[in-house]
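Undergrad: Structure, please.
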Amino acid sequence: MSTVSVNVFWHLVLDPPVCAAAHAAVLLMLWLRFVNGHLHGLKKDNEPAVMLILLLLLPLALTVTKVQGSFRAVVWGPGLHGGFTLPVRYIFISIQDEYGESLSDVSVSDLLVEFREALSGSIKEFQADLLRTAEGNSSFLYRFRPYHSFPGDLRFSVVYKGQRLASKTIKGPIHPEECDCPSGIQKWLIDQARCPPLSRQILKDLKPFPIIRPKYNRKVMQTFYNQSYSVSICNYIVKQNRIYRKCMGEYTGFTTFVDAMLITLIRKVKLPDVDFIVNLGDYPLATKDERRYSPQIPVFSWCGSDDSLDIVMPTYELVEASIHMMHRVSLDLFSIQDRARHPYENRVSSAFWRGRDSRKERLRLVELSRNNPHLLNASITNFFFFKDQMHKFGEKTPHVSFFKFFQYKYQVNVDGTVAAYRLPFLLAGGSTVFKTHPSPFYEHFYHLLEENVHFIAVRSDLSDLIDKIRFCLANEEHCAQVARNGRQLVNDYLLPHMVYCYHVQLLQEFGQRIEGPVEVAEGMELVDHGQDNRCDCPVVKCDQEPPVIRDLRTKNEL
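TA: Here you go, the predicted structure:
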């Protein structure tokens, strides 16, 4: 038997769809030869028996071909790009029939995802989850956290009911989160992360600051923001991909989130040298009215407002969910979609809200709930700002698991001290979100939201909330579509790779506006990010970078 014949034989035996198709083809060929009187090497007396056998086997062959060849898998996502390192990589999987239609029901027990070394074929195991997505019973998300480097290529395969439906080579080397292996920024943006065009929000936020003077900004910060018990603020510097900071204020614990994001970035990207100020509180600091408060300087914040100039970045809620999922964090955009898959029509036909008393309108929610218990279930879980009104609204109620929110068709999103950072997670859950609108506060993605497309707008005083709930009860399909649109926006713009893209693009644009070289200021401390000596990384020099090229990738290419 020749080498080619052996290879073909193992391909037929080990690949079920090919095997079934080949068997069918052989039987069909024999049948046609018999019909045409060309069965060579068979005795005349045996022809009736052979014909009977072929007649019996032909339907079986055609059936096997149909069953074994009737599935296919479509795979996509950033986890297929080996050079794009994330703490947790993820790949989307859709199981379809031969016509490209999603199957009605796919059991997780019938689905196997495996990685093998491309050369040796040995299986590689990861800490991994196979989650269902909101797209239907045949759509999945496979996420995995590598803990070791793989210098070579890996072969990713999807097997359904023993049939290998998809197989793709992921180019190595593949590194875990702990590896300090930064790529040049343009290579990372375009070839690895494949980031979308620059956000309109970044351009809007940076427009008031065409020239940035770090020394002047630092002086203003020390003069006007040195208020220990009311302001917590830090000056960060990234110089030659090392992080330095100096903070002011009594409560600086939230440096944990900024440090974590910068550390994970410098492990992956050669960031430009930048000098910037970060507000560690929720309330925006950079007021537009410099006559009453302070000179205008650029300040990074998690929340912006109509009367401030703060430069918004993804909230610490999104940052932590992106970095620490499958580790310290159980609530993330993927776990919500997996746990909130029950059909919209089977959810309770009323609105739901739980939260603390950080705004008087939240107390109004409780009043509305008492007067309309069949339409709204709302309670305060912690009193802090309005303790003097506890006698009116009753004792605080126990916390409810966020995953249980989505037993209800409608969710209410009301501002607290600032914007309610839960909004991305509410949108991901597949319920219709009622959001106070317009609001003076916003997160980095609010400019993408459209009223009555991604959310149902209600007045800030909630005077029309009950009427809007009744509207959705009478127009269920419209409001169900709003829920689907909101979830799709999350998947298009707020998943971890997009959180990384936003930070890198923001720092790059900000750095291009800095006047003069960036120097580490006196008294700044180095933020230790640790190094893993097991990682074998290529050395990347900044002067190897190509010129800046923008807007070469769209979200549809991800």
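Undergrad: Give me the distance between the helix or strand hosting E509 and the centre of its chain.
TA: If you go by DSSP states H and E, E509 is part of helix 496-511. Centre-to-centre, helix 496-511 and its host chain are 15 Å apart (Cα atoms, centre = their mean, to the nearest Å).
Undergrad: what's the answer for stretch 188-195, then?
TA: Distance of stretch 188-195 from the chain centroid (Cα atoms, centre = their mean) equals 16 Å.
Undergrad: Pick out the residue closest to the middle of the protein.
TA: Central residue of the chain (Cα atoms, centre = their mean): L495, 1.7 Å from the mean position.
Undergrad: got the phi/psi numbers for that one?
TA: Dihedral angles of L495 (phi, psi; degrees, to the nearest 10) stand at phi -70, psi 160.
Undergrad: Skip the chain neighbours and tell me the closest residue to it.
TA: Among residues not flanking L495 along the chain, L333 sits closest, at 6.3 Å (Cβ to Cβ, 6 or more residues apart in numbering). (Glycine included, C-beta is placed from N, CA and C.)
Undergrad: ok, that neighbour - contacts?
TA: For L333, the contact set (Cβ atoms under 8 Å, 6 or more residues apart in numbering) comprises A321, P424, F425, A428, V490, L494, L495.
Undergrad: Just the closest of these to S107, please.
TA: A428 (24.0 Å; Cβ to Cβ).
Undergrad: Name all residues that make contact with the closest one.
TA: By Cβ under 8 Å, 6+ apart, the contact list for A428 reads L333, I336, Q337, A340, R487, V490.
Undergrad: same check, this time on R213
TA: I514, E515, G516.
Undergrad: would a markdown table of the residues you listed with distance to N372 and neighbour count be doable?
TA: Below are these laid out as a markdown table (distance: Cβ to Cβ, whole Å; neighbours: other Cβ atoms under 10 Å):
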| residue | distance to N372 | neighbour count |
| --- | --- | --- |
| I514 | 54 | 19 |
| E515 | 57 | 10 |
| G516 | 61 | 10 |
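Undergrad: which regions of the stretch 1-150 of the chain lie under the pLDDT threshold?
TA: 1-69, 135 (pLDDT under 70).
Undergrad: all strands of it, in order?
TA: 71-76, 89-97, 111-117, 123-124, 127-132, 139-145 (DSSP state E, counting those that start in this stretch).
Undergrad: Identify whichever of these lies nearest to N241.
TA: strand 89-97 (22.4 Å).
Undergrad: just checking, what packs against the closest one?
TA: Contacts defined by 3 or more Cβ pairs under 8 Å, 6 or more residues apart in numbering; DSSP states H and E place strand 89-97 against strand 71-76, strand 111-117, strand 139-145, strand 154-160.
Undergrad: let's see it at 10 Å
TA: strand 71-76, strand 111-117, strand 127-132, strand 139-145, strand 154-160, strand 163-170, helix 496-511 (3 or more Cβ pairs under 10 Å, 6 or more residues apart in numbering; DSSP states H and E).
Undergrad: Now mean neighbour count too, for these, in JSON lines please.
TA: Output for the helices and strands packed on strand 89-97, formatted as JSON lines (neighbours: other Cβ atoms under 10 Å):
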{"stretch": "strand 71-76", "mean neighbour count": "18"}
{"stretch": "strand 111-117", "mean neighbour count": "17"}
{"stretch": "strand 127-132", "mean neighbour count": "16"}
{"stretch": "strand 139-145", "mean neighbour count": "22"}
{"stretch": "strand 154-160", "mean neighbour count": "19"}
{"stretch": "strand 163-170", "mean neighbour count": "17"}
{"stretch": "helix 496-511", "mean neighbour count": "22"}
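Undergrad: check contacts around L448.
TA: For L448, the contacting residues are S199, R200, Q201, H454, L489, D492, Y493, L494, by Cβ atoms under 10 Å, 6 or more residues apart in numbering.
Undergrad: Of those residues, which qualify as buried by neighbour count?
TA: S199, Q201, H454, L489, Y493, L494 (16 or more other Cβ atoms under 10 Å).
Undergrad: In JSON lines: those residues, plus distance to D273 and secondary structure.
TA: Below are those laid out as JSON lines (distance: Cβ to Cβ, whole Å; DSSP: H, G, I helix; E, B strand; the rest coil):
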{"residue": "S199", "distance to D273": "22", "secondary structure": "coil"}
{"residue": "Q201", "distance to D273": "23", "secondary structure": "helix"}
{"residue": "H454", "distance to D273": "38", "secondary structure": "coil"}
{"residue": "L489", "distance to D273": "34", "secondary structure": "helix"}
{"residue": "Y493", "distance to D273": "28", "secondary structure": "helix"}
{"residue": "L494", "distance to D273": "29", "secondary structure": "coil"}
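Undergrad: got TSV for the residues you listed, with pLDDT too?
TA: Output for the buried ones among the contacts of L448, formatted as TSV (pLDDT from 0 to 100):
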residue	pLDDT
S199	98
Q201	99
H454	99
L489	98
Y493	98
L494	99
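Undergrad: For those residues, work out which two are farthest apart.
TA: S199 and H454 (16.5 Å).
Undergrad: quick revisit: take the contacts of R213 and write them to JSON lines, including secondary structure and distance to R245.
TA: What follows is the contacts of R213, written out as JSON lines (DSSP: H, G, I helix; E, B strand; the rest coil; distance: Cβ to Cβ, whole Å):
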{"residue": "I514", "secondary structure": "strand", "distance to R245": "17"}
{"residue": "E515", "secondary structure": "coil", "distance to R245": "21"}
{"residue": "G516", "secondary structure": "coil", "distance to R245": "20"}
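Undergrad: Tally up the residues packed near R422, please.
TA: By other Cβ atoms under 10 Å, 18 other residues sit near R422.
Undergrad: State the distance from it to E509.
TA: Here R422 is placed at a distance of 28 Å from E509 (Cβ to Cβ, to the nearest Å).
Undergrad: And for K161?
TA: For K161, the distance to E509 under the criterion Cβ to Cβ works out to 49 Å.
Undergrad: Select, out of the strands of the stretch 1-150 of the chain, the one closest to G83.
TA: strand 89-97 (11.3 Å).
Undergrad: Quick check: R470 touching E476?
TA: No - contact between R470 and E476 fails when scored by Cβ atoms under 10 Å: they sit 11.7 Å apart.
Undergrad: Of all the strands of the stretch 1-150 of the chain, which one comes closest to P295?
TA: Nearest of the strands of the stretch 1-150 of the chain (Cβ to Cβ): strand 89-97, 43.9 Å.
Undergrad: Run the angle between that closest one and strand 127-132 for me.
TA: 40 degrees (axes from the mean of the first three to the mean of the last three Cα atoms, to 10 degrees).
Undergrad: List the buried residues in strand 89-97.
TA: The neighbour-count check on strand 89-97 (16+ other Cβ under 10 Å) flags R89, Y90, I91, F92, I93, S94, I95, Q96 as buried.
Undergrad: could you dump the residues you listed to CSV with distance to K392?
TA: CSV is the format used below for those (distance: Cβ to Cβ, whole Å):
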residue, distance to K392
R89, 50
Y90, 47
I91, 51
F92, 49
I93, 52
S94, 52
I95, 54
Q96, 56
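Undergrad: Just the closest of the buried ones among the contacts of L448 to K239, please.
TA: So of those, ranked by how close each gets to K239 (Cβ to Cβ), first place is S199, at 25.5 Å.
Undergrad: nearest spatial neighbour of that closest one, skipping sequence neighbours?
TA: Y502 (6.4 Å).
Undergrad: phi, psi of H529?
TA: phi -110, psi 0.
Undergrad: can you pull the contacts of it?
TA: By Cβ under 10 Å, 6+ apart, the contact set of H529 is 178, 180, 241-243, 259-260, 262-267.
Undergrad: Which pair of those residues spans the longest distance?
TA: The distance between the two most remote of the contacts of H529 (Cβ to Cβ) is 17.0 Å, for E178 and R242.
Undergrad: Tell me who's in contact with F254.
TA: With contact set as Cβ under 10 Å, 6+ apart, F254 has these partners: S232, C234, C247, V278, N279, L280, G281, D282, W302, Y316.
Undergrad: Verify the stated contact: the third one with T256.
TA: Same thing as C247. No - using Cβ under 10 Å, C247 makes no contact with T256, being 11.8 Å away.
Undergrad: So for these two, which residues contact both of them?
TA: Residues touching both C247 and T256 by Cβ under 10 Å, 6+ apart: L280.
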